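> Attaching a predicted model along with its sequence, questions to come.
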Amino acid sequence: MGTIANIRDILKTLKHKKPAQKFCPRCASPKLHLSSSLDYWLTPQTYICSECGYQGQLYMELEEEKEQEEKKTNNPT
Ligand SMILES: [Zn+2]
């Protein structure tokens, strides 16, 4: 009986565990926010950059820790 509750708990923590910061694909600004259009149920999620005015469904995700690890392995000095 408690299995479903456990799975839901795990899913919750997984979601909370990934605070992936979204960046503008055009100017790499972190000032990217979701469009709060009332037509959100008609169109897919649109991100708007308040820095350069970019509007679109694409965004960049950066994970600092991962990037640093990759840099280490890619530098065979
Ligand atoms: Zn931008």
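Everything's here; your move. Numbering: from 1, shown residues only.
> Helices of the protein, residue ranges please.
3-17, 64-74 (DSSP state H).
> weakest of these in terms of mean pLDDT?
Among the helices of the chain, helix 64-74 has the lowest mean pLDDT, at a mean of 58.
> Up against the ion, what does the protein have?
Contacts of the chain with the ion, taken as Cβ under 5 Å from the ion, map to 24, 26, 27, 29, 49, 51, 52, 54. Backbone N, C-alpha and C define where each C-beta goes, glycine included.
> what's the distance between the second one and residue 34?
The gap separating residue 26 from residue 34 is 16 Å, by Cβ to Cβ, to the nearest Å.
> if you count what's nearby, which of those two comes out ahead?
Each of residue 26 and residue 34 has its neighbours counted (other Cβ atoms under 10 Å); residue 26 has more, 16 against 12.
> could you list every residue that touches that one?
49, 52, 54 (Cβ atoms under 8 Å, 6 or more residues apart in numbering).
> Now, of those residues, which are buried?
49, 54 (16 or more other Cβ atoms under 10 Å).
> what's the closest of the contacts of residue 26 to residue 62?
Nearest to residue 62 among the contacts of residue 26, counting by Cβ to Cβ, is residue 49 at 14.8 Å.
> beta partners of the closest one?
Here residue 49 shows beta-bridge partners residue 32, assigned using DSSP bridges.
> cool, residue 62 as well?
For residue 62, the beta-bridge partners under DSSP bridges are residue 21.
> if I look at it, how far off is residue 24?
Taking Cβ to Cβ as the measure, residue 62 and residue 24 are separated by 11 Å.
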